[in-house]
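Peer 1: Here's my sequence, what's the structure:
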Amino acid sequence: EYGHLLKDDPQYFDKAKRIAELTKDVHEFLFDLGLKQPNKKLNYTVTYQDPCHLLNAQKISKAPRYLLDQIPGLNRIEMAENNICCGSAGVYSITQPEMSQMLTQKKVNNIIKTSADIVATANPGCSMQISTVLRNMNSNTRVRYVIEILSEAYSG
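Peer 2: Sure thing, here's the model as predicted:
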């Protein structure tokens, strides 16, 4: 948003616009780069949780899934209603706690239905929101970042 935020600043507008054009989400960057398939086999069942900002604002949904699909042994399963918010939404979980918890519970129920070992995401708010409810339900499903799983697949 730098180009938009600094549109009236003659000194920084061009620089801000250029930075905005060059900036990419890490998943998008790696997808565009094309990567060498990892060697390490990970025998996990994973479901991917679309963070709202990544999905709706940045229109990125294919890249994180593609990265997960490159990992040998990993079984990725789509959850039902994967496009529905997890309830974190920045400060939404603080300003609207009841609705937030309702959304999170719905998301977690869909995660559990997949029987996934891991729910992968790309947002710290989603990670905290979902992992708290999973933990409170005594679920063995863990929340991890896509990049963290990819890093494991390249290690050792």
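Peer 1: For the residue nearest the centre of the chain, list the residues it contacts.
Peer 2: The chain has residue 122 as the residue nearest its centroid, 2.4 Å off, counting by C-alpha atoms, centre = their mean. Residue 122 makes contact with 25, 27, 51, 54, 64, 145-147 under the criterion C-beta atoms under 8 Å, 6 or more residues apart in numbering. Placement of C-beta: from N, CA and C, glycine included.
Peer 1: Pull out the buried members of those residues.
Peer 2: 27, 51, 54, 64, 145-146 (16 or more other C-beta atoms under 10 Å).
Peer 1: Just checking, which of these comes out lowest on pLDDT?
Peer 2: Model confidence across the buried ones among the contacts of residue 122 bottoms out at residue 54, which has 84.
Peer 1: Run through the residues that contact that one.
Peer 2: Listed by C-beta under 8 Å, 6+ apart, the contact set of residue 54 reads 25, 27, 60-61, 64, 122-123.
Peer 1: ok, residues contacting the host helix or strand of residue 150?
Peer 2: Assigned by DSSP states H and E, residue 150 belongs to helix 146-154. Residues from elsewhere that reach helix 146-154 (C-beta under 8 Å, 6+ apart): 26-27, 30, 38-40, 42, 44, 46, 48, 64, 67-68, 70-72, 74, 118, 120-122.
Peer 1: Filter the residues you listed down to just the ones in strands.
Peer 2: Among the contacts of helix 146-154, the members falling in strands (DSSP state E) are 46, 48, 118, 120-121.
Peer 1: Check which helix or strand the residue sitting furthest away from the middle of the chain maps to.
Peer 2: In the chain, counting by C-alpha atoms, centre = their mean, residue 10 sits farthest out from the average C-alpha position, at 35.9 Å. Assigned by DSSP H and E, residue 10 belongs to no helix or strand.
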